[in-house]
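Undergrad: below are the sequence and a predicted model; questions follow.
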Amino acid sequence: MSDDWKKYRDKIIGLGENSARKSYYPELQDKISELETSKENLLTIINSMSDALFIHDTAGNILLMNNKARYLYQIEEDEIDRVNVMDLIFDQAIYNQIQLIWENAIRGKSDIFELISVSAKDKEEIPVQISINSTVWNGDNMLVAVVRDFRERKKYEEELIAAKKKAEENDRLKSAFLANISHEIRTPMNGILGFAELLKQSDLTGEQMGNYIQIIETCGFRMLNIINDLMDISKIESGIMTVTLSELKINEVFDYIYDLFKPEVTKKGIRLIKNTDIPLVICTDKEKLIAVLTNLLKNAIKFCHLGTIEFGYTTKEQSVQFFVKDTGIGISKEKIEHVFKRFIRGDHEMSPKYEGTGLGLSIAKGYVDMLGGEIWVDSELGRGSQFYFTLPLTKTEET
Ligand code: ADP
């Protein structure tokens, strides 16, 4: 606060602090002491506020700021004259409107709003709530800005929003889990129990028995797959899935996978094409690479009824890009951005033709992420899908 008034007081004959004629104006002297005390009290109160306070004119020139304001905006006492309130506003939207807000405040329309401001020194962005009022200071219209630091509140808000999102996601997952998994588990369980019951009949032929046992076995494998998928996804999510790196000849992996799936694909009347690039040795987790390719190929076989399934890799500068392409049913635009999320299934959802848990792609994504790559899909409904994933390239071997 300016101490200029002291100079004026001292000029009034007899009122100067050291004047021998002080006693000539005892009442005036008392009033001055009262005013001085009340000014000291006002300053103490202003400086005890936990909010920052500025008094400034409509050009943004600061007349007074309290300790909290100096602390929040990193402004030293001798720098106050050089700082303009506008220098502390970061939000462009508010920046353009601030003059209007100030003019309104002067006309008696006080305002409270939130904005992002910046500290004067290290330009730290500070979310704040500001309340603007007008006051008369030394006969001029001035503005009083009380600034509340919202950093903590914003942090809590963000944490709350994240927690709410997580809770909603968990709720969705719980419903999806119950809908998908209970259906997926009940079907093979019914198969196992039903055919085990049939096996109890004494008049079965050897062929019938063989068939029933085959069905029980298939259902058992399906159950095991579901349980394995659930175990894998929970291990990935809880961060306890480990990566075991070894040097791997990719072509050998592709030969193995081709031999594994060829009979099933041929049985469906589809062509399986293996399209590999130059022989490569990469350092990666063999089991996980095989699991990703297997998941993608199983889906391609499940969702393709005509045409071809092609899988292979191409070598890029820093990575190997794997692909699995099919000429199957494709994925709708609405679903495509969600297919890598847990328990998300296509529009066919409960169709018995396309059994599944909605976990295969999320496991594939989990593994590719762990191995330092990326996974994505291009697809068009009715025209087929192309899944791609990359793995970092660590070593190349000439043929
Ligand atoms: P699931 O196959 O058990 O349903 P996934 O996580 O493997 O679960 O796949 C999620 C969904 O993505 C599938 O339900 C399906 O709608 C879609 N999808 C995945 N692969 C293909 C594909 N090759 N062709 C068409 N749709 C696919």
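TA: Looks like it came in fine. Predicted, not measured: the structure shown is a model, and the values here were computed from it. Numbers count the residues shown, from 1 in each chain.

Undergrad: now the host helix or strand of Leu173, how far from the chain's geometric center?
TA: Counting by DSSP states H and E, the element that carries Leu173 is helix 151-199. Relative to its chain's centre, helix 151-199 lies at 20 Å (C-alpha atoms, centre = their mean, to the nearest Å).

Undergrad: repeat that for stretch 316-330.
TA: 27 Å.

Undergrad: now do the buried residues in it.
TA: 319-330 (16 or more other C-beta atoms under 10 Å). No exception for glycine: its C-beta is placed from N, CA and C like everyone else's.

Undergrad: touching it from outside, list them.
TA: Outside stretch 316-330, the residues that touch it by C-beta atoms under 8 Å, 6 or more residues apart in numbering are 250, 277, 280, 282, 292-293, 296-297, 300, 303-315, 348, 373, 379-393.

Undergrad: what is the burial count for the residue of the stretch 201-350 of the chain found nearest the ligand?
TA: At 2.0 Å from the ligand, Gly346 is the closest residue in the stretch 201-350 of the chain, using C-beta to the nearest ligand atom. Neighbours of Gly346 under the rule other C-beta atoms under 10 Å: 20.

Undergrad: tell me which element the residue lying closest to it once chain neighbours are set aside is part of?
TA: Nearest non-adjacent residue to Gly346, counting by C-beta to C-beta, 6 or more residues apart in numbering: Lys335, 5.5 Å away. According to DSSP H and E, Lys335 maps onto helix 333-336.

Undergrad: what residue is smack in the middle of this structure?
TA: What sits nearest the mean C-alpha location of the chain, by C-alpha atoms, centre = their mean, is Ala162, with 8.1 Å.

Undergrad: what number of residues lie near Ile250?
TA: 23.

Undergrad: which strand residues bridge the closest residue to it other than its chain neighbours?
TA: Distances taken as C-beta to C-beta, 6+ apart put Leu280 closest to Ile250, at 4.7 Å, once the chain neighbours are dropped. On the basis of DSSP bridges, Leu280 is bridged to Thr396.

Undergrad: looks like Leu280 contacts Gly312 (just checking).
TA: No: with contact defined as C-beta atoms under 8 Å, Leu280 does not reach Gly312; the gap is 11.7 Å.

Undergrad: quick one, strands of the stretch 201-350 of the chain?
TA: Taking DSSP state E, counting those that start in this stretch to define them, one finds strands in the stretch 201-350 of the chain at 246-249, 271-275, 281-284, 308-315, 319-326.

Undergrad: any chance of these in TSV, with distance to Glu184 and mean pLDDT too?
TA: Output for the strands of the stretch 201-350 of the chain, formatted as TSV (distance: least, C-beta to C-beta, whole Å; pLDDT from 0 to 100):
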stretch	distance to Glu184	mean pLDDT
strand 246-249	32	92
strand 271-275	26	95
strand 281-284	30	92
strand 308-315	24	95
strand 319-326	22	96
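
Undergrad: ranking the ones you listed by burial, who's on top?
TA: strand 319-326 (a mean of 22; mean count of other C-beta atoms under 10 Å).

Undergrad: so that strand versus strand 308-315, what angle?
TA: If you take axes from the mean of the first three to the mean of the last three C-alpha atoms, to 10 degrees, strand 319-326 sits at 170 degrees to strand 308-315.

Undergrad: which parts of the stretch 151-300 of the chain sit against the ligand?
TA: Neighbours of the ligand within the stretch 151-300 of the chain, by C-beta under 6 Å from any ligand atom: 299-300.

Undergrad: picking that back up, give me the buried subset of the contacts of stretch 316-330.
TA: 250, 280, 282, 292-293, 296-297, 300, 303-304, 308-313, 315, 373, 379, 381, 384-391, 393.

Undergrad: these two touch, right, the residue of the stretch 201-350 of the chain closest to the ligand and His338?
TA: No: using C-beta under 8 Å, Gly346 is not in contact with His338; the gap is 9.6 Å.

Undergrad: quick one: what helix or strand has the closest residue to Ile89 other than its chain neighbours in it?
TA: Distance criterion C-beta to C-beta, 6+ apart; nearest residue to Ile89, sequence neighbours excluded, is Tyr95 at 5.1 Å. For Tyr95, the element it lies in under DSSP H and E is helix 92-106.

Undergrad: can you name every helix or strand that that helix contacts?
TA: Helices and strands touching helix 92-106, by 3 or more C-beta pairs under 8 Å, 6 or more residues apart in numbering; DSSP states H and E, are strand 111-118, strand 125-137, strand 140-149.
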